[in-house]
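Chemist: Sequence first, predicted coordinates after that:
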Amino acid sequence: MGRKRWLVSWIGNADHEAAEGTRPEHPGPIATALKAADRFDRVVLLTNYPKPRSSKFCKWLAATARYPESSVVLSAVRLDSPIDYAEIYRCVSEQLIGLSLPSDDVDVTFHLSPGTPAMAAIWIILSKTRFPAGLIQTSTQRGLEAVDFPFDLAGDFLPEYLKRNSARMSRLVERADPLAPEFDRIIHACDAMREQVRMARRMAAHDVPVLILGETGTGKELFAEAIHAASSRAAGPFIAVNCGAIPPELASSELFGHKRGAFTGASSDRKGHFQEAQGGTLFLDEVGELPLDSQVRLLRALQAREVTPLGGQPG
């Protein structure tokens, strides 16, 4: 069975007006997209207008675009303001999670044109982070267009994110107590390694993510074990995961877990490594070998300190 194609969009005023006959010259952004694009298996429409008005639009849309009414799904979303970015982000994220997205079986497309500029901005942010998706837009002049937004989160944002935090890390290192006998297992003689041990000893005193760089065989896991043993999380589990050994299609499930029915073969709930390491330390070896969608989820977990199992709620 092939992957399903879903279109997700807000309903805009121009869409309503097209259905109500006040704009007979143009069918509106959503109908334009459905007529021009390859057929979608499901059309999910969010509305902050009165639900009866949007329900009438959905029936008109199905008839106009020749879609079964059952494939056009309406969800009423209450927004205090259609230009409140934080509120839109929260509401849309809740809706997408409720749809069990992201899903390995579904290719999602977000329609940017209906709604306010703030709504469009949130679609772009979500498509590049928590809910990978394609982007489209429509206009009276150019019809349907795919939106090419070449933004690589790992390549464009992560290096800058690490750079911004380097000064903070340096301040932590300078303030902390260097005494930590757990590092005595790391045998070294050169000044460069002595400096790395000194920094790691100080970092162990703080509840922050630590990036350990080094070639294979240089003792990255040994450093991670020592940092864990010297930290306030020492009583918790230490879990080491070789990311390069995880099949790409299972990476997100292995790290973040899944709920029953989240994908084909998910017959029961499963805890991911993040949940298993709760209260302790999770050491991810060869993290660069993870597929890009799992790297996006990983960055989200580090930033927000929350983990979303596939098909589940953040926690």
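Modeler: Looks like it came in fine.
Chemist: surely S252 meets L292?
Modeler: No: S252 lies out of contact with L292 (CB atoms under 8 Å); the separation is 11.0 Å. Any C-beta I mention is one placed from the backbone N, CA and C, and that applies to glycine too.
Chemist: Those two: who's more crowded?
Modeler: Set S252 next to L292 and count neighbours by other CB atoms under 10 Å: S252 wins out with 26 against 13.
Chemist: Following the chain past the helix or strand encompassing the more buried one, name the next helix or strand.
Modeler: Under the criterion of DSSP states H and E, S252 resides in helix 251-256. Next helix or strand after helix 251-256 toward the C-terminus (DSSP H and E): helix 273-276.
Chemist: buried sites along that next one?
Modeler: 273-274 (16 or more other CB atoms under 10 Å).
Chemist: go on, stretch 242-262?
Modeler: 243, 246, 251-259, 262.
Chemist: can you check stretch 182-198 too?
Modeler: Within stretch 182-198, the residues that count as buried by 16+ other CB under 10 Å are 182-183, 186, 196-197.
Chemist: ok, now stretch 24-38?
Modeler: Buried residues in stretch 24-38, counting neighbours by 16+ other CB under 10 Å, are found at 27-34, 37.
Chemist: from the chain's centre, how far out does it sit?
Modeler: 29 Å (CA atoms, centre = their mean, to the nearest Å).
Chemist: Could you list the residues in contact with that stretch?
Modeler: Residues from elsewhere that reach stretch 24-38 (CB atoms under 8 Å, 6 or more residues apart in numbering): 5, 7, 9, 11-12, 14-19, 40, 43, 45, 61, 64-65, 67, 109, 111, 113-114, 136-138, 140, 143-144.
Chemist: quick one: the residue of the chain positioned farthest from its centre and A37, what's the gap?
Modeler: Centroid-distance maximum for the chain: A189 at 43.1 Å, with CA atoms, centre = their mean. Separation of A189 from A37 (CB to CB, to the nearest Å): 64 Å.
Chemist: what's the answer for S81, then?
Modeler: The spacing between S81 and A37, counted by CB to CB, is 30 Å.
Chemist: tell me how far the ends of stretch 232-244 are from each other?
Modeler: Start-to-end span of stretch 232-244 (CA to CA, to the nearest Å) is 29 Å.
Chemist: Quick one: mean pLDDT for that stretch?
Modeler: Mean pLDDT, stretch 232-244: 91.
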